[in-house]
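Could you work out the structure for the sequence below:
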Amino acid sequence: MNLHQKLLRRAAEGRPIRVGLIGAGKFGSMYLAQVPRTPGVHVVGIADLAPAAACRNLERVGWEAERMQASSLEAALRDGHTHVGDDWRALVAHPAIDVIVESTGAPIAAVEHILAAFAQGKHVVNVTVEADAFCGPLLAERAAQAGVLYSLAFGDQPALICDLVDWARTCGFPVVAAGRGHKWLPQFAQSTPETVWGHYGLTPEQAERGGLNPKMFNSFLDGSKPSIESTAVANATGLAVPSTGLLYPPASVADIPFVTRPKSEGGVLERKGMVEVISCLEPDGRAIPYDIRMGVWVTVEGETEYIRHCFEEYNAHTDPSGRYFTLYKRWHLIGLEVGYSVASVMLRGEPTGVAQCWNADVVATAKRDLKAGERLDGEGGYTVWGKLQPATASVALRGEGGLPLGLAHDVPLVRPVAQGQMLTWADVAIDTSTAAYRLRREMEQRFAPPGAER
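Below you'll find the model as predicted:
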């Protein structure tokens, strides 16, 4: 509970944490909005494919023009300002940078950025959870080999869920289930960037005002992002994955401890110790009052009669048996909270979530009937969405291995795929030269769970 004091000390000593940010889109801009209000932190450089657009985002979040006009990284270090450019390699290689925040949202590029940062001895806070979903365990191993830290980003739901799971286990509670909320109906799996705003609950005008990317937001809506984030949580905490994918049980906050119990006790779980996502909509589309749509939660078990009596005495809201209790945060603030990860990595030497195993995967799944020759357009697009699977099931899919959603970007199909079918490696002609592809294939060989045959 002393990160802020440590930041104040770094500021007083003239030793700020020196940050390099790759990607100044919506998430990166939200982080940058907080930087002027955070002591002991200096964003030395920002690398973005469109520096002019990055500067416009900085203006939007309230940065003064002088602060973003450093002519070079050296000038930024000298004057305490920020250099905005397009050379991410120079940013990663600069010896003064302590930590890289990867915020591009482009998983294939993100893997290259992250590995390069490790090679230069930089810690990494990875906002691009899509990359973590298909090769996080090996990224964590590469970081350890380089003597640096790799971390999920606080503010994004996986790190917040990991924090709740850690709280529960540190207090001695068995974790029954953990996850996030979502606005979900089964038909949303076929949503495209053209239909997203009506389903999501925003007007096109609101989306334009916020600079919101319809493809990115559609990845939230169509189930891809919940699957990606549940994968990151399962791999970081060791929690198990539903065998047929996320169930999205509808529930108010009050009903979470009721539905997140094993089936044998009236809930929806196959067994204790699983990830799941709670829907804020009833199956008929009616909104559920006091929902957890934008929040995170963990359900724990009171194993003894004494603990269950304590739940009762302190008016903890439990399921009807009094055995299961849910702690929750009803909101998450996305990029506005990333500074917590930067501080934790640099001042405590602790990541805010990092893969420990390979329990889960996200497999690209056809949104409609796809023809040979069509090109996949990744999460949130027109062709595929992401389905959560146990890693054992993904690796063994049809004897060919499931195609990770994070690698289903601008990839041609070599044979038709029916709507609802999960894709395999054999369905596509993939670029095998990328670091992301090589890392994923190595992970399949190295970390394939017991029972997975290749």
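
Tell me, please, where in the chain the pLDDT is lower than the cut-off.
449-454 (pLDDT under 70).

all strands of it, in order?
With strands called from DSSP state E, the chain shows them at 17-22, 41-47, 83-85, 99-102, 123-126, 150-152, 175-182, 274-279, 296-301, 324-329, 360-366, 375-377, 384-390, 409-412.

Export those strands to CSV and append columns for mean neighbour count and distance to Phe220.
Where C-beta positions appear, they are placed from N, C-alpha and C, glycine not excepted. Shown next, in CSV, are the strands of the chain (neighbours: other Cβ atoms under 10 Å; distance: least, Cβ to Cβ, whole Å):
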stretch, mean neighbour count, distance to Phe220
strand 17-22, 26, 22
strand 41-47, 26, 25
strand 83-85, 21, 28
strand 99-102, 27, 19
strand 123-126, 29, 18
strand 150-152, 27, 17
strand 175-182, 27, 8
strand 274-279, 26, 11
strand 296-301, 26, 14
strand 324-329, 22, 18
strand 360-366, 28, 14
strand 375-377, 19, 16
strand 384-390, 27, 11
strand 409-412, 17, 17
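
Now distance to Ala54 too, for those, in CSV please.
Below are the strands of the chain laid out as CSV (distance: least, Cβ to Cβ, whole Å):
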stretch, distance to Ala54
strand 17-22, 9
strand 41-47, 6
strand 83-85, 5
strand 99-102, 13
strand 123-126, 18
strand 150-152, 23
strand 175-182, 29
strand 274-279, 33
strand 296-301, 30
strand 324-329, 30
strand 360-366, 29
strand 375-377, 24
strand 384-390, 28
strand 409-412, 22
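
how about the ones you listed, which one is nearest Ala189?
Comparing the strands of the chain against Ala189 with Cβ to Cβ, the closest turns out to be strand 384-390 (5.2 Å).

any idea how far the nearest residue to Leu405 once chain neighbours are set aside lies from Ser433?
Excluding its sequence neighbours, the residue lying closest to Leu405 (Cβ to Cβ, 6 or more residues apart in numbering) is Gly386, at 3.8 Å. Separation of Gly386 from Ser433 (Cβ to Cβ, to the nearest Å): 24 Å.

again, but for Gln187
Distance of Gln187 to Ser433, computed by Cβ to Cβ: 38 Å.

any idea which residue sits dead centre in this protein?
Residue closest to the average C-alpha location in the chain (Cα atoms, centre = their mean): Val129, at 3.7 Å.

Now do the contacts for the nearest residue to it once chain neighbours are set aside.
Leaving out its chain neighbours, the residue that sits closest to Val129 by Cβ to Cβ, 6+ apart is Ala232, at 5.2 Å. Going by Cβ atoms under 8 Å, 6 or more residues apart in numbering, Ala232 touches Val129, Asp132, Ala133, Gly136, Leu152, Pro158, Gly353, Ala355.

give me that answer again for 6 Å
Val129, Asp132, Ala133, Pro158 (Cβ atoms under 6 Å, 6 or more residues apart in numbering).

ok, now Thr128?
By Cβ under 6 Å, 6+ apart, the neighbours of Thr128 are Glu102, Thr104, Gly105, Pro107, Ala110.

And for the closest residue to the second one other than its chain neighbours, the neighbour number?
In space, Thr104 comes closest to Gly23 once its chain neighbours are excluded; the distance is 3.6 Å by Cβ to Cβ, 6+ apart. Per other Cβ atoms under 10 Å, the neighbour tally for Gly23 reads 25.

right, and Gly23 touches Ser103 too?
Yes - the pair Gly23 / Ser103 is scored as a contact, 3.9 Å apart, by Cβ atoms under 6 Å.

what's the angle from the biggest helix by length in the chain to strand 360-366?
Using DSSP state H to define each element, the chain has its longest helix at helix 129-146. Going by axes from the mean of the first three to the mean of the last three Cα atoms, to 10 degrees, helix 129-146 is angled at 150 degrees with respect to strand 360-366.

Check which residues of helix 129-146 are buried.
For helix 129-146, the neighbour count (16 or more other Cβ atoms under 10 Å) marks 129-143, 146 as buried.

what's that helix in contact with?
107, 110-111, 118, 126, 150, 158, 228, 231-232, 235, 354-355, 358, 362, 404, 406, 439-440, 443, 447.
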